[in-house]
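Student: Please find the sequence and the predicted model below.
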Amino acid sequence: MMFISIILGVLVLWTIFVFNGFVSLRNRAGEAWADIEVQLKRRYDLIPNLVNTVKGYAKHESSAFENVTKARSMAMGVSGPTKEHAKAENTLSGALKSVFAISEAYPDLKANTNFLSLQNELSDTENKIQAARRFYNGNVRDLNIKIESFPSNILAKLFSFSKKEFFDLGDNDAAQNPVEVKF
């Protein structure tokens, strides 16, 4: 009888330990996603200022500005760590690259302190987004491994813990290929 009590006690303690591990991993992944959202919001706020600064110098490049505006709206309209959100963000990154490529043709713009400041802030934000993306994906990886590993996968099913999607580049050509600059 005492042996059965010890086994049940160990099983209960193991269940509590594994459950709390799942909760911790899920919350860390949620926190990491919140970090990404903070940086994306910062990027969304910088883009209109950058576009307006460049517009003054490159009035005939309106299609590039329209693409950035559309991509920004699309990215802001999709939420959560999904493939659609990753695709929208990567489209926006590609559109921003085209604006920076346009700036290469305008020496006065490249020397404009407002443009340089915005460009540096956006570059810093892009680096922070990449770091936050890596942090998020690391937390998702840890959660997904625990959900798929035996014997914790049994408790994951029992308590309805589900895998999360990675926030990656996917098949988006705009984010994977360099911008082609034509003059």
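Tutor: Perfect, thanks for sending it.

Student: the helices in the protein, which residues?
Tutor: For the chain, the helices defined by DSSP state H cover 2-55, 62-77, 83-103, 107-111, 113-148, 152-158, 173-176.

Student: count of neighbours near Phe167?
Tutor: 23 (other C-beta atoms under 10 Å). No exception for glycine: its C-beta is placed from N, CA and C like everyone else's.

Student: shouldn't it be in contact with Gly138?
Tutor: No: applying C-beta atoms under 8 Å as the test, Phe167 and Gly138 come out as separate, 11.1 Å apart.

Student: follow-up on the earlier one: would you mind putting the helices of the chain into a markdown table with mean neighbour count and mean pLDDT alongside?
Tutor: Formatted as a markdown table, the helices of the chain follow (neighbours: other C-beta atoms under 10 Å; pLDDT from 0 to 100):
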| stretch | mean neighbour count | mean pLDDT |
| --- | --- | --- |
| helix 2-55 | 15 | 92 |
| helix 62-77 | 16 | 86 |
| helix 83-103 | 20 | 84 |
| helix 107-111 | 12 | 74 |
| helix 113-148 | 16 | 91 |
| helix 152-158 | 15 | 94 |
| helix 173-176 | 14 | 46 |
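
Student: give the contact list for Leu109.
Tutor: Going by C-beta atoms under 8 Å, 6 or more residues apart in numbering, Leu109 touches 53-54, 57-58, 103, 115.

Student: now the closest residue to it other than its chain neighbours: how far from Tyr106?
Tutor: The shortest distance from Leu109 to any non-neighbouring residue, by C-beta to C-beta, 6 or more residues apart in numbering, is to Tyr57 (4.1 Å). Taking C-beta to C-beta, to the nearest Å as the measure, Tyr57 falls 5 Å from Tyr106.
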